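[1] my questions are about this predicted structure, shown below with the sequence.
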Amino acid sequence: MAGRKEDELELTLLGSQQTRYPMTYAPEMLESFDNKHPYRDYFVKFNCPEFTSLCPITGQPDFATIYISYIPDRKMVESKSLKLYLFSFRNHGDFHEDCVNIIMNDLIKLMDPKYIEVWGKFTPRGGISIDPYCNYGRPGTKYEQMAEHRLLNHDLYPEKVDNR
């Protein structure tokens with residue numbers, strides 16, 4: 001029988017009527033659960049079109065869609081906790097490039113995925129947009145080679161991703 005047992009669902013945010021929305025950067029909001037299929041490679045993709053952060057110099061808000069795609073190993077990120085975590089950047093002052101790298105680093109720490117990529121498509125300001133991208137493949141594995149291939153071939157743009 002497919003499905004999860006109660007002891008597999010030790011999540012505190014999903015289903016809670018007492019959701020706390022953090023006002024500052026809050027990596028502790030991230031929660032994970034066990035991957036029931038660690039023997040299989042498959043992608044989990046998130047498109048987060050309402051990401052905001054602050055420019056560290058001007059304090060002006062920056063808007064982006066954040067794309068996260070990963071191949072899980074033993075752990076997976078719970079989506080409500082990811083939403084609240086991304087919300088915690090609302091008052092966080094950092095450059096676009098730093099935001100995507102911080103997100104990736106926090107998700108690696110949480111899940112230790114086989115492969116992960118994070119990119120942001122930031123809304124143009126002053127006639128220019130910034131689309132920072134970062135990825136990681138577990139060292140010494142085919143996932144490290146996959147990460148290198150993605151960077152070398154520049155096939156990084158979210159418009160090329162099939163989101164069906």
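    Yep, that arrived.

[2] ok, now how distant is the residue nearest to Thr141 when sequence neighbours are not counted from Asp98?
    Nearest non-adjacent residue to Thr141, counting by Cβ to Cβ, 6 or more residues apart in numbering: Lys114, 7.1 Å away. Yep, even glycine has a C-beta here, placed from its N, CA and C like the rest. To Asp98, Lys114 is 25 Å away according to Cβ to Cβ, to the nearest Å.

[3] more crowded one of those two?
    Under the criterion of other Cβ atoms under 10 Å, the comparison of Lys114 against Asp98 puts Lys114 first, with 20 against 14.

[4] residue contacts, that one?
    Counting by Cβ atoms under 8 Å, 6 or more residues apart in numbering, Lys114 touches 41, 70-73, 137-138, 141, 143.

[5] just those now: which is nearest Cys48?
    Taking Cβ to Cβ as the measure, Cys48 sits nearest to Tyr70 out of these, at 13.6 Å.

[6] show me the contacts of Lys114 that map onto helices.
    In this view, the contacts of Lys114 that belong to helices under DSSP state H are Tyr143.
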